[in-house]
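Novice: this is a predicted model, with the sequence first.
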Amino acid sequence: MFCAEPGTAPESGGKMGCSRKALPRSRPLSLYDPAAMSIPRWDPLPRRRARPGPTRPLARLRCLLGLAGALTATGAAACDPNLGVEDSWAQAPLPEPGALVDPQMADVGAELFRRNCVACHSLGGGSVVGPDLAGVTFRRTPYWIRAMIANPDSMLRADSTARALLATYQVPMLDRRLDAARVRAIVEFLWRADHGPA
Ligand code: HEC
């Protein structure tokens with residue numbers, strides 16, 4: 001049962017107490033859980049294993065279907081389930097004002113966003129299930145955004161901003177179980193969407 005602590009209910013009129021639907025508890029609390037915290041809240045990101053390459057039959061089939069679709073961008077992307085993601089991206093410093101956007105990361109991030117996020121988020125098209133993410137890199141830090149994508153369950157428990165959003169949107173943000181390199185690429189994409197290519 002998810003219970004807002006007294007005094008932390010958001011100003012949006014969210015009810016205090018235990019009325020809200022239970023959040024999924026499928027995984028143990030992560031490093032973001034303040035109860036288990038002797039380290040800074042957002043670091044390090046938990047490392048998840050990269051998805052296997054295009055060896056699985058399903059991936060092959062998707063690839064062939066994509067090729068049949070006359071080598072569209074989608075077809076080509078379907079042939080590369082890893083999208084050219086590089087493990088080293090997980091360690092790349094987060095974007096900051098004035099720094100150059102990494103175009104390769106941002107392009108991969110765009111495709112990952114299309115596959116994992118557009119069901120619930122638009123970029124400039126208004127709220128869908130979740131908030132419009134246009135301008136999100138101006139209202140939140142890249143650290144916060146990274147944590148929200150990588151570990152929404154913990155954030156929705158431990159972070160007051162995330163809890164306030166949940167009170168407004170009433171649906172918990174979904175954990176897409178992306179590894180750290182993919183999360184990093186999406187952050188780069190969101191940054192480029194707000195700040196432009198350079
Ligand atoms: C099932 C729908 C769903 C999916 C899929 C989803 N989100 Fe969310 N997201 C939400 C909701 C709803 C919120 C608001 C918080 C809440 O209610 O849990 C949110 C909040 C956020 C926020 C904070 C926005 C703000 O205004 O501060 C970010 C950033 C975000 N999502 C990014 C992503 C990214 C990137 C993906 C894809 C990897 C994604 N989300 C996938 C539903 C979703």
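Specialist: Cool, the structure landed.
Novice: ok, Ala185 to Arg192 distance?
Specialist: Separation of Ala185 from Arg192 (Cβ to Cβ, to the nearest Å): 11 Å. Backbone N, C-alpha and C define where each C-beta goes, glycine included.
Novice: shared neighbours of these two, which are they?
Specialist: Each of Ala106, Gly109 lies in contact with both Ala185 and Arg192 under the rule Cβ atoms under 8 Å, 6 or more residues apart in numbering.
Novice: for the two, indicate the residue with more neighbours.
Specialist: Set Ala185 next to Arg192 and count neighbours by other Cβ atoms under 10 Å: Ala185 wins out with 29 against 21.
Novice: which residue comes closest to the more buried one once chain neighbours are left out?
Specialist: Spatially, and ignoring its direct neighbours in sequence, Ala185 is nearest to Gly109 (3.8 Å; Cβ to Cβ, 6 or more residues apart in numbering).
Novice: in the protein, where is pLDDT below threshold?
Specialist: Filtered on pLDDT under 70, the chain yields the residue ranges 1-81, 198.
Novice: if you set the cut-off to 90 instead, what comes out?
Specialist: Residue ranges of the chain with pLDDT under 90: 1-84, 98-99, 196-198.
Novice: which bits of it sit near the ligand?
Specialist: Of all the residues in the chain, those in contact range of the ligand (Cβ under 6 Å from any ligand atom) are 116-117, 119-121, 129-131, 133, 136, 140, 145, 148-149, 156, 165-166, 169, 171-174, 176, 186.
Novice: go with 8 Å
Specialist: Within the chain, the residues that sit near the ligand (Cβ under 8 Å from any ligand atom) are 112-113, 116-117, 119-121, 129-133, 136, 139-140, 144-145, 148-149, 152, 156, 161-162, 165-174, 176, 178, 183, 186, 190.
Novice: please, which helix or strand holds Leu100?
Specialist: Counting by DSSP states H and E, Leu100 is held by no secondary-structure element, helix or strand.
Novice: can you give me the domain assignment for the protein?
Specialist: By the record's domain assignment, the chain is partitioned as 54-82, 101-198 (automatic domain parsing).
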